[in-house]
Every structure is written in C-alpha cells, then in structure tokens.
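# need the 3D shape of this:
(2 chains)
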Amino acid sequence: MMVVKAATLAALILLASLTVPQITLTEADAGGVKGSAYALNQILDKAITNLQTVLKGGEGDQAYEALKIRLKEAETLAEKAQKAFNEGAYQDALNNSLKALSIVKSVAAEIKESEEEQIVAASHSTLRMSALLTNIKNMTNSAAAKGYNISNLAEKLAAVSQLVDEAKSLSAKGDALGAGRRVAEAKSMLGHLVSNLNQAYAKEKAKLAEEYVNKTLGRLFGAEGAKGGFKEQIEGLNASRRQIQAGKLGEAVKQINEVMKQMKKNLSEEVKSLGEEIQKIRRQLNDIKAKGVNVDREERMLQEASKLAEQATALLEKGDYIAARMKVAEAETILQRLR
Amino acid sequence: MVSESGAKTTLLVATLALLLFTPMVQAVPTTYEPKRLTTTIYADGYVWVEYEVEANPLLPSINLTLFGVRFEDLIVTGGDGLILDYNTTQNGLEVDTLGLADIKISYFTQDLTNKTGRLWTFTIDAPVDITVKLPKELTVVGLSKAPLSISSEGETLTIVFDRGGLTLNYIVTPTKPTTTQQSEVGWGGWLSYAALAAGVVFVGGAVTWITLRRRRLAAKLYVKEKRVIDVEKILASKPDLRPDDKEVLRFLAEVGGEAFEAELRSRFNLPKTSMWRTVRRLQREGLVGVKKVGGQNLVYISESEIGGGTDVPQNP
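The predicted structure is shown next:
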C-alpha cells in the first residue's frame, strides 16, 4: 500500500510540474479601476508566491528570515486588497496592492544573485532567437503567398530551426556555452536570410518606387499654376525613373529622396519670404491708412494672401509639398497685384 | 565541461564584439508616434521592441527614432511584409517607405533594462499605450503605475499600461529545477530511468483514476438532506454579511441546506479560490459547516443556525 501511495504521489508531482498556471480574464475584462486592481492583484499574487519559493531556498539564512517577515506584511496587504476587491472597493484594492508591491520590491532587491538566474538568462537568448525565427518565418510565408520563389530560403530556415532546437536542448541540459554557440550561428544565418529575402523583393520594391515617381509626377503636372516652379523636380524624378528601369534601384531611391528634400527646402524658404513680404506690405498699408487713404480692398487682399501663407505652412508640415507650393503661388499672385 | 572563468571570458569578448559592431543612434523625441507598441522582456536583459507607425504616403522616406540607443536584428517592413531599406542617421533611422503607409519596426535592445543585484528595471517613455510581455521566468516585483489589464498567452504574461513613463521591476525566478552538470548516463541507464518513470506514471495514474472514480461515485451516491430553512431569519441575525455571502446562504437554503462546493462555484460562476474564501468566511461566522464526501467539499448550513441539534448532517 505504501508503494502505491508513493507512486501516486510521484505521479501527481510529475503532473503538477507539467501544469502551467493560467490567469483567467473574467475579472480583468471589466476594465477601468476594477481591471487595474485585478491585474495588480494577479501580479502581486505571482510575485509573493515566487518570492516565497526563492526565500525558502535560503532556509536558515538570518537575512532571509527577516525578508520573510517583511514579505508577510506584503501578504497581509495583498489579502486586504483581495478583500476590498471582493467587496467592490476597487480603488482601495488598488492602493493596498501598490503598497504591498512596494514591499515586495524592497524584498526582491535584497535577494542574492544565483547561478540559476544565469542559466535562465542563457536559455532566454535561445528564446529570443526562436522569436526572431518565427518573425522571419512569417515574412517568408508572406513572400511565398505572393508567389516569390523562396525554396532556397526554406532550406536555410530549416537549418536555423535545427540550430535553435539544438540550442534549446543544450540550454535545458545546462550547457550555456554550447547553446550560445548555436544561437550565434543561428543569428548570423538569419541575418543572411533577411538579406536574401530583401533581394527577392527587389522587383516589388522597384515597382513600388516607380509607382511613387509616377504618382508624384502626375501630381506635379496636375498642379495648375505651379508647373514652372517644379521644373527641377520633374527632371529629377524623370531621371530616377530611368534609373529604376535600368535596374539601379538604390541610386534611384537616393535621387527621389534628394528631389523631395530639395523641394521641401526650397518651399520652406519660399514660405518664409512670403511671410516677410506680407509683413512688409502690411506696414506700408498702415502708413498709407494713417494718411487717410481708404485701403479696405487692399487689406482684404492682404488678408487673403496671409491666409494662403498659413495654409501653405500647414501643408508643408504635412509633407504635401505640391499643394503647399500651389498655395504659395496663389499668395504671390495676390501680393503681385498689391504691389 | 567549460570552466566558469572561460565562460566569463567568452561572454566579455562577445559583449565587446557586440558593442563594436552594433550601430549607434541617438534617441530624440519621435516624429512619428507608434500606433501600437509592444515590448517583450527577456531574462538576458534584452527587450524585443515591436511597433507600428503610419507613414506619410506622400513622402518617399520617413525619419524614425527608436526606443533605446543600440539595436540588433532590426527589421522594417511595409504593411504586407515587404522588407524596407533604411539608413541610420544621427537621430535614428531614415526608412525608404516609397509611399507605403503602414510600417512595422522590430528590433532587440539592451538599453531599456538595467540590473542592480538581483533586481532588474525596465524603463520606457511610451508615447502610446504599451503592451509588456514577460516570459514565465520573469516575476514583476515593482511598478511605477497600475496596469490597465492583464492576460496570459501560453506561458507569457501580457500586461497593458497607458502611455507615459513606465518603470517595471522584475526578478528572474527559475520555474523548474535546472541541471548545471550532466551526469554520465548511458543509453541503458536512460532507458531504465524512462521505463521506471513510465511505470511510476502508469501506476500513479491508475491509482489516481481509481481513487477519483471511487470518490466521484461516493459523491454521486450521496443523498442530500432536504431541510426547510428560514434563511431570512439567519440573515437578519447577521446584518453585516456581504451581499455575495448572503446569496450563497440563500442558495443553500433553496436546495435544502447543503450543496457541494463545486455546485456553488458553478451556480455563482466563481473561481475555486474565490468560492473557497466565501465558504471560509461563512464558516468563521458559524453559519455553515464543511465536510468531505467522496473527496469533495459538502457545504451545509449549520444546525445551530436552523435551531436543530447536531451540527453535522447525517450521512447515508
């Protein structure tokens, strides 16, 4: 009978070690203070339980005995928080949990570093690589779904997967160094893999760049009254389109960026001088007005130009340089008439 | 087997190599605020940062700042996974978005965490609500503010915080015993252990199954006593009882004075611990008693409250 009981106990311990505690969402779903109080309570429960386990490991240590007493205080506050939560006093629950957590933090700060911690850290390097691998797998799947031939990448991915699995296995056995070597190798291979995937996308990116150039050129040509002001940009974008067609995507993108940056720079200067010009004319109008001349019509025109300058500034900030340039051109026409 | 000093030297060399080959960027206020921001903290001090921004489709490139100064394994993609090119600038990254609007950025950084003794600190100034994910070995022991919500995805804890500065303290707590040394065990030895473990599991499982079955049967065969209980009279004598505790008492009275704890949990849709606490409170008030029937807790209204003699109902 004793043997059977021992066997049952062993089996139950084995089963319990395989079970991971799950947090239910039933309470947190409510949101607001209740959600916060619930979340904090869960965090606190886990913190207290795990700290108790850590402190148990230092049985007999004077310092740890003192920490246990402090942790008891946190436990009492956590119980109060739980009680308040059950009674619907969520703010009280929250406050008590926060107090308890500050005690928990002070206890945690005094716990000694352990070798086990280093082992977990090493295993997490593998975990990170596994997360990166999953991310890149998703990217390759997405490429495959688009019809790209990535069969060569699939082989490399399988090799990286194997390295990550080996690293996991070595890490579980406590061979941090062996796991680290596999992780470094996997990391390097993944770097190459992303680079290869990027190359596979070159055609799509060229298409995207050409679409951008065509769209921008279309807007430039369509911008009535501003065509003259975009001569350089149109030439620049046409040149970049030729580069794309010649397979020089990198150079083309560089040129597109330069064209757009130059456009922004020029426009900023134009908007600035437009503002200065408006101020100058406003002063002149005030002088004339002081002499008794009726300048109502001119003031209205200036007001209109000023409004257009404001709109141009806003469009410039939004990155719509073409629309901004059109507003500047309109404002300049009004100022020309005023002059 | 590699010595500890050897491992430390390797770690030092690796760290130096990392510092030499890791691109450097300066953190400045972001031009493009993330739409969604998720960070996963790992026990080795790295944080996996993932965020999405909505780029201006009128521009061929955008400037982005990153959370942290150094980064590794940075990948920038367009909406449907298209890898985008970028250049590091003094302020962060210049990404060639080529008119795409939805941009995703992901990378690892060590700059968001620091360690003092056993205590780790994760710090971030989040311009939007932030989701923090923690693998099971990380235990949160301090927070600068209350979280908005909590959930678990497999073995990962997911906590959501509102925008603004966040400081989260955590410690690394191994969840299962780890071996630092490998014992020399041959295949025969491993097979013996495996067979022994399988035997233990089988025997244990069988015994547990039989025991549970017997208990379930006993609980099933148990005939509950039906008593007429004036619950309002009991409640009148205990005006300070909690509303939910009163409801449990009313239910017990309705069903004749006794019910299994599992039935109460199911009736009130409460987790095991919450119902256990409720029953404990009622027990402390002397209103209910608890006894084991077939391995299950049978909760009954105390006879003293009903005005009868014995405190425990009779078993068949």
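# quick one: residues contacting residue B:142.
Shown in contact with residue B:142 (CB atoms under 8 Å, 6 or more residues apart in numbering or on different chains): A:101-102, A:104-105, A:108, B:119, B:167-170. Using the backbone N, CA and C atoms, a C-beta is placed for each residue, glycine as well.
# give me the element it is part of.
strand B:138-143 (DSSP states H and E).
# show me what that strand pairs with in its sheet, parallel or antiparallel.
strand B:164-172 (antiparallel) (DSSP bridges).
# buried residues in the strand it pairs with?
The neighbour-count check on strand B:164-172 (16 or more other CB atoms under 10 Å in any protein chain shown) flags B:166, B:168-172 as buried.
# next, the buried residues of the helix or strand containing residue A:165.
Assignment of secondary structure by DSSP H and E places residue A:165 within helix A:151-172. Residues of helix A:151-172 classed as buried: A:153, A:156-157, A:160, A:163-164, A:166-168, A:170-171 (neighbour count, 16+ other CB under 10 Å).
# per-domain residue ranges of chain B.
By the record's domain assignment, chain B is partitioned as B:21-172, B:183-217, B:231-306 (automatic domain parsing).
# quick one on the thing from earlier: what would the contacts of residue B:142 look like in TSV with pLDDT and distance to residue B:109?
Shown next, in TSV, are these (pLDDT from 0 to 100; distance: CB to CB, whole Å):
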residue	pLDDT	distance to residue B:109
A:101	94	26
A:102	94	28
A:104	95	27
A:105	95	24
A:108	94	24
B:119	93	20
B:167	96	16
B:168	96	15
B:169	96	18
B:170	96	17
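# put together a markdown table for those residues, with distance to residue A:188 on each row.
Formatted as a markdown table, the contacts of residue B:142 follow (distance: CB to CB, whole Å):
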| residue | distance to residue A:188 |
| --- | --- |
| A:101 | 41 |
| A:102 | 44 |
| A:104 | 40 |
| A:105 | 39 |
| A:108 | 36 |
| B:119 | 33 |
| B:167 | 34 |
| B:168 | 32 |
| B:169 | 34 |
| B:170 | 30 |
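# just give me how far the host helix or strand of residue A:287 sits from the chain centre.
When secondary structure is defined by DSSP H and E, residue A:287 falls within helix A:249-290. Chain-centre distance of helix A:249-290: 33 Å, with CA atoms, centre = their mean, to the nearest Å.
# which strands and helices sit next to that helix?
helix A:202-222, helix A:231-245, helix A:296-318, helix A:321-338 (3 or more CB pairs under 8 Å, 6 or more residues apart in numbering or on different chains; DSSP states H and E).
# what residue lies at the spatial centre of chain A?
With distances taken as CA atoms, centre = their mean, the residue of chain A nearest its centroid is residue A:135 (14.9 Å).
# any idea how far residue A:293 is from chain B?
Here the distance between residue A:293 and chain B works out to 44 Å (CB to the nearest CB, to the nearest Å).
# hang on, that residue in a strand?
No - counting by DSSP: H, G, I helix; E, B strand; the rest coil, residue A:293 falls outside a strand, being coil.
# so what's it scoring on pLDDT?
Per-residue confidence (pLDDT) for residue A:293: 88.
# how many neighbours does it have?
10 (other CB atoms under 10 Å in any protein chain shown).
# got the phi and psi for it?
Residue A:293 adopts backbone torsions of phi -80, psi 140, taken as degrees, to the nearest 10.
# go on, residue B:277?
Dihedral pair for residue B:277: phi -60, psi -40, per degrees, to the nearest 10.
# list the residues that contact it.
A:82, A:86.
# continuing past the strand holding residue B:142, what's the next helix or strand?
Going down the chain from strand B:138-143, the next helix or strand is strand B:149-153, by DSSP H and E.
# so that next one versus strand B:138-143, what angle?
170 degrees (axes from the mean of the first three to the mean of the last three CA atoms, to 10 degrees).
# right, is strand B:149-153 up against chain A?
Yes - contact of strand B:149-153 with chain A (CB under 8 Å from any CB of the partner chain) involves B:149-152.
# same question for stretch B:235-242.
Yes - Stretch B:235-242 comes into contact with chain A (CB under 8 Å from any CB), by way of residue B:242.
# quick one: end-to-end length of that stretch, please.
10 Å (CA to CA, to the nearest Å).
# nearest to chain B, of the buried residues of helix A:151-172?
Checking the buried residues of helix A:151-172 against chain B by CB to the nearest CB gives residue A:171 as the nearest, at 9.0 Å.
# residue A:223 against residue A:328, yeah?
No - look at residue A:223 against residue A:328 with CB atoms under 8 Å: they stay out of range, at 11.2 Å.
# comparing these two, which residue is more hemmed in?
residue A:328 (24 against 17).
# so that one is in contact with residue A:271, correct?
Yes - using CB under 8 Å, residue A:328 is in contact with residue A:271, at 6.2 Å.
# what do the two both touch?
Taking CB under 8 Å, 6+ apart as the contact rule, residue A:328 and residue A:271 both touch A:309, A:312.
# tell me the SS of residue B:38?
Criterion first, three-state DSSP; result for residue B:38: strand.
# show me what contacts residue B:32?
B:53-55, B:62-64.
# mind running it again at 6 Å?
Contacts for residue B:32 were tallied using CB atoms under 6 Å, 6 or more residues apart in numbering or on different chains; they are B:53, B:64.
# from chain A, how far out is it?
Residue B:32 is 11 Å from chain A, by CB to the nearest CB.
# doesn't that residue belong to a helix?
No - per three-state DSSP, residue B:32 lies outside any helix segment and is coil.
# for it, give me the pLDDT.
Residue B:32 is assigned 78 on the pLDDT scale.
# helix/strand/coil for residue A:147?
Going by three-state DSSP: residue A:147 is coil.
# roughly how far does residue A:33 sit from residue A:337?
Distance of residue A:33 to residue A:337, computed by CB to CB, to the nearest Å: 62 Å.
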